[in-house]
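>>> please work out how this folds:
(chains A and B)
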Number of protein chains: 2
Amino acid sequence: MKERVVILGGGAAGPKIMAKLLRTTEYDCQIDMYTDEDMISYSACGMPFYIEGLIENYRRLIVRTPQQFEEKGANIHLSKRCIKIMPDEKKVMLEDVKTKEISYADYDKLAITTGARPYVPNIKNINLKNVFTLRKLEDAINIKDTMLQSKKAVIVGGGYIGIELLEAFVVNDLQVDLIERSSHILSIFDDDMSELIKTHIESTSPDKVKIITDDAVIALIGEDKVEKVVTQNGKIIDTDMVIIASGVVPNTEIAGEAGLELGVGNTIRVNHRMQTSVKDIYAAGDCIENYHLVSRSHVWIPLGSSANKEGRCAAINISGGYDTLPGILGSSVTRYIGFTMSLTGLTERDARNHGFDVITTVTTKQDKAGYMPESENITIKLVADRRTQKILGAQAVGAGDADKRINTVASAIMADETVDDFLHLDMTYAPPYSTAIDPLLSAAIVLNNKLKSND
Amino acid sequence: MKERVVILGGGAAGPKIMAKLLRTTEYDCQIDMYTDEDMISYSACGMPFYIEGLIENYRRLIVRTPQQFEEKGANIHLSKRCIKIMPDEKKVMLEDVKTKEISYADYDKLAITTGARPYVPNIKNINLKNVFTLRKLEDAINIKDTMLQSKKAVIVGGGYIGIELLEAFVVNDLQVDLIERSSHILSIFDDDMSELIKTHIESTSPDKVKIITDDAVIALIGEDKVEKVVTQNGKIIDTDMVIIASGVVPNTEIAGEAGLELGVGNTIRVNHRMQTSVKDIYAAGDCIENYHLVSRSHVWIPLGSSANKEGRCAAINISGGYDTLPGILGSSVTRYIGFTMSLTGLTERDARNHGFDVITTVTTKQDKAGYMPESENITIKLVADRRTQKILGAQAVGAGDADKRINTVASAIMADETVDDFLHLDMTYAPPYSTAIDPLLSAAIVLNNKLKSND
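Numbers count the residues shown, from 1 in each chain, chains lettered A, B, ... in the order given. This is a model prediction of the structure:
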């Protein structure tokens, strides 16, 4: 008899599970996906670039349509929100988003891939027009339409989405105030690296961007549309639109109510096979907790790259196979107008918090032979543990080729390498690609010298 | 008392040793460098790009001048060729290149960094004008001057230098015939990858480039300057200039005559500390044998990246420190007009020759999110061992970002990772940089599926 697999959520992890199950010909199953949206499987990470205008049509962001899945035998139920999971009866309760009609679906295996939603801080008059969060594709379409008629914008939050939207708005000639509650934008980086990023952004677009840190928006002013933003420190800023990009919260209420064990920040706790604490219920994507390979602790770092790996792992296990995910390094990257910011592993701050005996180095080098016209600077920060001499993390920022180098360090961290191991790595070299001693290796050499001299 | 360090050769490794020794303040030494050239420390790898016109002045290729070293206390002796090493007396015999005068220098520690020279096959009338090899900076200057007055060129040899000069000539609007003795250009790649490269080159410049394989130049024709090239298969090709780029041979005759143990292809055999078989004589750079970490065999892969690492290692040991180089992976990269070709570890062919139970996969993917305008294809070939499931090598070619990904694999190979380890690597993702599942991981997933299904 066919097993019934129910997937809740149609973002990245859900469609990945579905696609993998459909390819697993030896597993005979009936797959039903329920989502509260009217679309599935689109690239949320691509939305800022659609808004910027790099992608003409938003349909290009759609990875797979419901039709494509249905042709292969799966059932996609749009605009159906799961409002209750009943593990004892192996059943879910669903509500039609439009008609509010209730229905039920039985499952043998359940996959929760409900993702996350924007966190919206307590701001007065937040329901004014032209105030947005960016999560769904329709948000992106609305933001773009509004941006094209706007001259000024305020972005609340200096994380990845805030910075990517800043690029989009600046390229489209808006004046932007970015307001960050903490003392640094992109605070997942160490403060010294955040400072470099801030300096770069301000110097690239001095008359278009104003970065305000240590302040928060407390109220919006306007009749129908937003017209002004009021901050805690008493600033009043004229604007045509506001973006709330203050982080995300996981969509895990129904999981918690059903008795699934939750973890960091109310995410769903899973084991290395993407199994939750309840039999036959799996979870993957932005709604689950991650295991960090360097700090060996539970964290929540929701990223599209992880969602895909988790989806694949969940599908293998759902279909009776055996697969495990060792954990994450939190590797990530973004850009601001030709400037790349990338990291993996632990920052200096995180490493200290986890009790490592931290030693670091920050080096700035050209990323290609200095005489090549395309040569640009990158600044690399390496973080290591003095006792074990292992590399704990790396951050790289600059106009040069920073992100792929971070992957090379990630590979070394994954393999538990010491700084001394790493500096002997045989990396490719030709003048259009790197320097004879790659900036990564230069950084490792400097750090190793520091380690050896017991600095 | 100061130790006397004599360095023979001023290419890449020699100056690296000198620079590192000069920075090692706790080692009190007198350093003398002898070179048969009238210049030291320039980027040989940059010469094709100078010829192409990307670098205006050849002086930009000079990393350090003799003056810069002499200001720090070292002695640079230009145009002095070492013609004999006398290990028993710890002395070298030198000949002035111009006056032929003989002199001697005593050493406590000797570093041989004499590099390699072009291999020139047996070709009739090779001494005609406008026939060049590319090794020294003056060669580059002469090639460029001649190229600017030429319409046609023949390149003999389809290795890295041949391909880089092909780009230089094509960009400068010459018609070029490239003649390769073996069945494939860039034969350090597997044949299937070489075919992709050839197809790319031919399709990019269909009316400017003709690649002729399985043929060799046997004679040149001309009065004073070369006018025609005659091949083994009977082709007669009109040309204004000829480049001989048929590989290199190590400059190790004096080392061999002095009784130093030689290795593969008459290179100088060194241990992991860059010590030769004779006490107090070290060697580094293009003239030494390498130890390959994957095949665990001796090889000769002379590369600028290795020369720098070897120079650093030699300097540490010369100055009484302790450093070892584990070995190389043969990582390398080049480009042809926007197309990158890169590899690390063993090719399929090499792996078979070394007795591995080889399994491979070749996948072509976009290197960035498909909807991003800058997205390009790359083709990745992974080579693994069926029994241990370890990754043995990787090759990547394409218009996309191929080279840095090869470094990420190199890091995994260095750490002895299996394919299954590697596919779990947490790599950075954002649409302008990669796909949610990086092409490298896609390739690893395909290979892993093949391994698991015992294909």
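
>>> hmm, stretch A:238-247 touching chain B?
No - figure legend: stretch A:238-247 not in contact with chain B (CB under 8 Å from any CB of the partner chain); closest approach 15.3 Å. To be clear about C-beta, it is placed using only N, CA and C from the backbone, and glycine gets the same treatment.

>>> please save the CA atoms from that stretch in CSV.
Extracted in CSV, the C-alpha atoms of stretch A:238-247 (Å, rounded to 0.1, in the frame of the first residue of the first chain):
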residue,chain,number,x,y,z
ASP,A,238,10.5,61.9,6.2
THR,A,239,9.9,58.9,4.0
ASP,A,240,7.7,57.5,1.3
MET,A,241,8.0,53.9,2.4
VAL,A,242,9.2,51.7,5.3
ILE,A,243,10.7,48.2,5.3
ILE,A,244,10.6,46.2,8.5
ALA,A,245,13.6,43.8,8.2
SER,A,246,14.2,43.1,11.9
GLY,A,247,14.7,39.4,11.7
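
>>> which residues are contacting it?
A:118-121, A:123, A:126, A:130-134, A:143, A:146-147, A:149-157, A:159, A:161-162, A:165, A:177, A:181, A:217, A:220, A:225-229 (CB atoms under 8 Å, 6 or more residues apart in numbering or on different chains).

>>> list the buried residues of it.
A:Thr239, A:Asp240, A:Met241, A:Val242, A:Ile243, A:Ile244, A:Ala245, A:Ser246, A:Gly247 (16 or more other CB atoms under 10 Å in any protein chain shown).

>>> which element is the fifth one on?
Remark: A:Ile243 resides in strand A:241-244, with elements defined by DSSP states H and E.

>>> partner strands of that strand and their direction?
strand A:131-132 (parallel), strand A:152-156 (parallel) (DSSP bridges).

>>> my guess is A:Ile237 contacts A:Glu227, does it?
No - with contact defined as CB atoms under 8 Å, A:Ile237 does not count as touching A:Glu227 (10.0 Å).

>>> which one's more surrounded, those two?
A:Ile237 (18 against 15; other CB atoms under 10 Å in any protein chain shown).

>>> helix or strand for that one, just tell me which one.
Assigned by DSSP H and E, A:Ile237 falls in strand A:236-238.

>>> show me how far that strand is from its chain's centre.
30 Å (CA atoms, centre = their mean, to the nearest Å).

>>> partners of it, with directions?
Counting by DSSP bridges, strand A:236-238 is paired with strand A:228-231 (antiparallel).

>>> before we move on, the earlier item: so which of the buried residues of stretch A:238-247 is the closest to B:Ala12?
A:Ala245 (48.4 Å; CB to CB).

>>> for that closest one, give me the pLDDT.
pLDDT recorded at A:Ala245 is 98.

>>> contacts only, for the residue nearest the centre of chain A.
For chain A, the residue nearest the mean C-alpha position is A:Leu303 (3.4 Å; CA atoms, centre = their mean). Applying CB under 8 Å, 6+ apart, we find A:Leu303 in contact with A:Ile328, A:Gly330, A:Ser332, B:Tyr429.

>>> which SS class is the residue in the stretch 51-200 of chain A positioned nearest to chain B?
Nearest to chain B, among the residues of the stretch 51-200 of chain A, is A:Arg60, at 4.0 Å (CB to the nearest CB). Remark: A:Arg60 carries the secondary structure label helix [criterion: DSSP: H, G, I helix; E, B strand; the rest coil].

>>> that one contacts B:Tyr371, doesn't it?
Yes - between A:Arg60 and B:Tyr371 there is a contact under CB under 8 Å: 4.0 Å.

>>> between these two, tell me which one has more neighbours.
B:Tyr371 (22 against 18).

>>> look up how far chain A lies from the more buried one.
Using CB to the nearest CB, to the nearest Å, B:Tyr371 is found at 4 Å from chain A.

>>> helix or strand: which one has that residue?
Judged by DSSP H and E, B:Tyr371 forms part of no helix or strand.

>>> that one contacts B:Pro431, correct?
Yes - if you go by CB under 8 Å, B:Tyr371 and B:Pro431 touch, sitting 7.2 Å apart.

>>> what do these two both touch?
A:Ser43, A:Gly46, A:Phe49.

>>> just the element for the last one, please.
Under the criterion DSSP H and E, the helix or strand holding A:Phe49 is helix A:47-52.

>>> what lies in contact with that helix?
Here helix A:47-52 has contacts from A:55, A:58, A:60-61, A:134, A:137, A:139-140, A:143-144, A:147, A:161, A:164-165, A:167-168, A:171-172, B:371-372, B:431-432, using CB under 8 Å, 6+ apart.

>>> now, the residues you listed that are in helices?
A:Leu137, A:Asp139, A:Ala140, A:Ile143, A:Lys144, A:Met147, A:Ile161, A:Glu164, A:Leu165, A:Glu167, A:Ala168, A:Val171 (DSSP state H).

>>> what about the strand holding A:Ile243, distance to the chain center?
19 Å.

>>> which residues of chain A score low on pLDDT?
A:454-455 (pLDDT under 70).

>>> mind listing the helices for it?
Under DSSP H, chain A gives helices at A:13-23, A:47-52, A:66-71, A:137-147, A:160-171, A:191-204, A:253-257, A:304-318, A:348-353, A:403-414, A:419-423, A:439-452.

>>> most tightly surrounded among those?
With neighbours taken as mean count of other CB atoms under 10 Å in any protein chain shown, the helices of chain A reach their highest mean count in helix A:403-414, at a mean of 28.

>>> give me the angle between that helix and helix B:403-414.
10 degrees (axes from the mean of the first three to the mean of the last three CA atoms, to 10 degrees).

>>> interface residues of the stretch 201-350 of chain A facing chain B?
Counting by CB under 8 Å from any CB, the residues of the stretch 201-350 of chain A near chain B are A:293, A:303-309, A:312, A:325-335, A:340, A:342, A:344.

>>> which among the buried residues of stretch A:238-247 gets closest to chain B?
Once CB to the nearest CB is applied, the member of these that ends up nearest chain B is A:Ala245, at 15.3 Å.

>>> separation between that closest one and B:Pro432?
Separation of A:Ala245 from B:Pro432 (CB to CB, to the nearest Å): 18 Å.

>>> okay, now A:Asn57: neighbour count?
Neighbour tally, A:Asn57, other CB under 10 Å: 9.

>>> with A:Asp214 instead?
12.

>>> how about A:Ile211?
Residues near A:Ile211, counting by other CB under 10 Å: 19.

>>> can I assume it is in contact with A:Lys198?
Yes - between A:Ile211 and A:Lys198 there is a contact under CB under 8 Å: 5.8 Å.

>>> joint contacts of those two?
Counting by CB under 8 Å, 6+ apart, the residues touching both A:Ile211 and A:Lys198 are A:Ile185.
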